[in-house]
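**Student:** A structural model of the following input is requested.
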Amino acid sequence: HVTLAYYPGVGVVAARKSALDSHGGGPCCLKGLMVGSTLIDWRMCLSLLRNRGLRRRVVVPLGIIGISLVLSVCAALAQTDRIWVNAEIDGVALRLVLDTGSSVTAVWSKTVKERGLRTVPQRSVVQGTLTFMGKVVRSPVYVINANMFDGKTVGEGVLGWPAIKGRPLQFDWSNERFILLDAVPAAVRMWTAFPLRSHNSTLSIEIPKPDGARDVFDIDTGDPGGLNLEPHEWQKWISTHPHRARTLIQYSTLGDPTGVQEQTWADRIFFGALMFTDVPLTEFNFPGPRPPRFQGSIGLAALRRINLIIDSERNLAYVQRVQSPAPPFRHNRAGVVFQWGAGFAHVVEGGPADEAGIQNGDRLMRIDGQNPWQWAVEDSPFSRPPGTKLLLGIRRDRKEFETTVILRDLIGPSGSQDGRLQRAQ
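**Tutor:** Okay, here's the model as predicted:
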């Protein structure tokens, strides 16, 4: 048992020599997550950390763990919107989720058992060669224990960014896929081009500023959400939009497994030459240091509002804004979150749950007479169509009562009230 510090963008596990000497070559385990036995001396990570923007002195208790493995798991928790990849490991067909926000490729432990995959002895790495679309993946394929997330995973694993970069690729959002190209079409070179952040194990773009600096955004296809703004940018947004439309969502990280946060909407938002229309907004709340000029991440709901082609050989991302109207956005239409675990309510003022008499701190006992925790995230009753009526059983101060919540759009193209931000270019 050792104490580790963790940092985003670091794809290794490292420990002090004393911990390495006592490790004995077995696998490293973090809350049930097998992260392999490839431990290195923590001093080898210092330059890597500094390249990630950590300029101050690094204080490491006994070691560090790369956050990329955690990102790959959190990103693949059950959701409906995904980019799917058909892959094989030595002839065994797999359906993986494309996650450009992950620096590793991994399969779930249950997939290994069900599909009869072999693993490297004493290591959580799959034996065999992973291939997809005629491409051979040279990097290790890790095994991740899905039980640490109560089995709430989709597909049979995740395909990280290092596995797909190389040839130019085009994202086809409407068909939930990507296409490997032989070359970037000439017409695409007329789109707005942004540099990719070099030497990055995940997909990130840089947005040049007039002062010569470059803002940084992660492109995260493993996140079904929209724009996730760095806390300072988020505070600027909400302070200038006091009457914004809003709802609530839940999230889970190792640092905050039962988090609740606001989700709002922007009709239009600029970041230098990069513009989005009709996108959901949340605060980027993942712990750890950020690269210099980090502004946030771009999830699938925002990526669907742009045409995107990545040319990693030339380190360029070509972007063209989608002109068609945004479709309805699937979201929490009840305006209440009952926090995982204890089940205590967080209520949006003026939302359907508030109007039904639900208060902060109330506990959810039933939904339409059924166990409220039986639904997976993507099947949440609170995201059903507008007009749906839900009979909620509520407990307050040891007393129980029932109330009906009528769902309606709180954010989205039809629900946005005050969602414009034009940042100085």
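**Student:** count the residues that sit near residue 320.
**Tutor:** Here the number of neighbours of residue 320 (other CB atoms under 10 Å) works out to 14. C-beta coordinates here come from the backbone N, C-alpha and C atoms, glycine included.
**Student:** would you check how far apart it and residue 216 are?
**Tutor:** When CB to CB, to the nearest Å is the yardstick, residue 320 and residue 216 sit 21 Å from each other.
**Student:** now residue 386
**Tutor:** 37 Å.
**Student:** how many residues are close by the residue nearest to residue 413 when sequence neighbours are not counted?
**Tutor:** Counting by CB to CB, 6 or more residues apart in numbering, residue 413 lies nearest to residue 326, which is 4.7 Å off, once chain neighbours are set aside. Neighbours of residue 326 under the rule other CB under 10 Å: 18.
**Student:** show me where the stretch 251-400 of the chain has helices.
**Tutor:** According to DSSP state H, counting those that start in this stretch, the stretch 251-400 of the chain carries its helices in the segments 300-303, 352-355.
**Student:** what sits up against the first one?
**Tutor:** The contact list for helix 300-303, computed with CB atoms under 8 Å, 6 or more residues apart in numbering, reads 81-83, 171, 173, 219, 221, 223-227, 276, 279-280, 329.
**Student:** top of those by neighbour count?
**Tutor:** Using other CB under 10 Å as the neighbour test, the contacts of helix 300-303 are led by residue 226, with 28 neighbours.
**Student:** please tell me I have it right and that residue contacts residue 280.
**Tutor:** Yes: in this structure, residue 226 sits in contact with residue 280. The criterion is CB atoms under 8 Å, and the distance is 3.5 Å.
**Student:** show me what the biggest helix by length in the chain is packed up against.
**Tutor:** The single longest helix within the chain, with elements called by DSSP state H, is helix 231-240. Where contact means 3 or more CB pairs under 8 Å, 6 or more residues apart in numbering; DSSP states H and E, helix 231-240 is packed against strand 259-271, strand 274-283.
**Student:** what is the mean pLDDT for it?
**Tutor:** Model confidence over helix 231-240, given as mean pLDDT, is 93.
**Student:** hang on, the earlier thing: buried deepest among the helices of the stretch 251-400 of the chain, which one?
**Tutor:** Comparing the helices of the stretch 251-400 of the chain by mean neighbour count (mean count of other CB atoms under 10 Å), helix 300-303 ranks first with a mean of 24.
**Student:** quick one: average pLDDT of that one?
**Tutor:** So the average pLDDT for helix 300-303 ends up being 92.
**Student:** again, but for stretch 91-109
**Tutor:** Stretch 91-109 carries an average pLDDT of 89.
**Student:** between the two ends of it, how far is it?
**Tutor:** 18 Å (CA to CA, to the nearest Å).
**Student:** report the buried residues of it.
**Tutor:** Applying a neighbour-count criterion of 16 or more other CB atoms under 10 Å, one finds 92, 94, 96-109 buried in stretch 91-109.
**Student:** tell me how far it lies from the chain's centre.
**Tutor:** Taking CA atoms, centre = their mean, to the nearest Å, the mean C-alpha location of stretch 91-109 is offset from the chain mean by 14 Å.
**Student:** ok, now stretch 380-399?
**Tutor:** Its chain's C-alpha centre lies 27 Å from the corresponding centre of stretch 380-399 when counted by CA atoms, centre = their mean.
**Student:** can you get me the start-to-end distance on that stretch?
**Tutor:** Stretch 380-399: ends 25 Å apart by CA to CA.
**Student:** now swap in stretch 262-280 and tell me
**Tutor:** Distance between the boundary residues of stretch 262-280 (CA to CA) amounts to 10 Å.
**Student:** give me the buried positions along it.
**Tutor:** 262-267, 269, 271-272, 274-280.
**Student:** now do stretch 366-374
**Tutor:** Of the residues in stretch 366-374, those with enough neighbours to count as buried (16+ other CB under 10 Å) are 367, 372.
**Student:** next, the distance between the ends of it.
**Tutor:** The distance separating the two terminal residues of stretch 366-374, taken as CA to CA, comes to 10 Å.
**Student:** neighbours of residue 395, just the number please.
**Tutor:** Here the number of neighbours of residue 395 (other CB under 10 Å) works out to 14.
**Student:** wait, it touches residue 365, no?
**Tutor:** Yes: counting by CB under 8 Å, residue 395 does reach residue 365; the two are 5.4 Å apart.
**Student:** contacts only, for residue 394.
**Tutor:** Contacts for residue 394 (CB under 8 Å, 6+ apart) come out as 358, 362, 363, 364, 365, 400, 401, 402, 403.
**Student:** circling back to that earlier point, ok, which of the helices and strands packed on helix 231-240 comes nearest residue 179?
**Tutor:** strand 274-283 (22.5 Å; CB to CB).
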